[in-house]
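Asks: The sequence isn't on hand, but the structure is:
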């Protein structure tokens, strides 16, 4: 049977691990929210600029060129942002798991 001191120590270690995980997840979500906000703002600015260019286009060919460039640039920005967001989520998961990884290493040692 385990004594009170060792049980208390294990409970404290488990609570510390949980708090560390919650803290790292909070930081990760804040970073993800900031990144999403920044991307949304840039996307809005880019679309507004594209509409202004379309309105001032003198010919149909120029309008098609503007729209094509906007679509290409928007797609590339989206793919880059999706990659960046997936990396942020993966990093957050790794950071959140670290305390439990360390606890598992202690138990198996």
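Replies: Alright, I've got the coordinates. Please read all numbers here as calculations on a predicted model, not as lab measurements.

Asks: so how far is the longest helix seen in the chain off the chain centroid?
Replies: Longest helix in the chain by number of residues, with DSSP state H as the criterion: helix 4-55. Chain-centre distance of helix 4-55: 6 Å, with C-alpha atoms, centre = their mean, to the nearest Å.

Asks: and it, what other elements does it pack with?
Replies: helix 60-108 (3 or more C-beta pairs under 8 Å, 6 or more residues apart in numbering; DSSP states H and E). Yep, even glycine has a C-beta here, placed from its N, CA and C like the rest.

Asks: got the angle between the helix it packs on and helix 4-55?
Replies: Interaxial angle, helix 60-108 versus helix 4-55 (axes from the mean of the first three to the mean of the last three C-alpha atoms, to 10 degrees): 170 degrees.

Asks: looking only at pLDDT, what's the mean for the longest helix of the chain?
Replies: Averaging pLDDT along helix 4-55 yields 89.

Asks: again, but for stretch 72-80
Replies: Here the average pLDDT along stretch 72-80 is 97.

Asks: Quick one: residues in contact with it.
Replies: By C-beta atoms under 8 Å, 6 or more residues apart in numbering, the residues outside stretch 72-80 that reach it are 39, 42, 43, 46, 47.

Asks: Tabulate those in JSON lines, adding columns for distance to residue 94.
Replies: Below are the contacts of stretch 72-80 laid out as JSON lines (distance: C-beta to C-beta, whole Å):
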{"residue": "39", "distance to residue 94": "22"}
{"residue": "42", "distance to residue 94": "27"}
{"residue": "43", "distance to residue 94": "28"}
{"residue": "46", "distance to residue 94": "32"}
{"residue": "47", "distance to residue 94": "34"}
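
Asks: So residue 57, which state does it fall into?
Replies: Classification of residue 57 by DSSP: H, G, I helix; E, B strand; the rest coil places it in coil.

Asks: what's it in contact with, if anything?
Replies: Here residue 57 is in contact with 63, 66 (criterion: C-beta under 8 Å, 6+ apart).

Asks: next one: phi and psi at it?
Replies: phi -60, psi 140 (degrees, to the nearest 10).

Asks: number of nearby residues for residue 28?
Replies: When neighbours are counted by other C-beta atoms under 10 Å, residue 28 registers 19.
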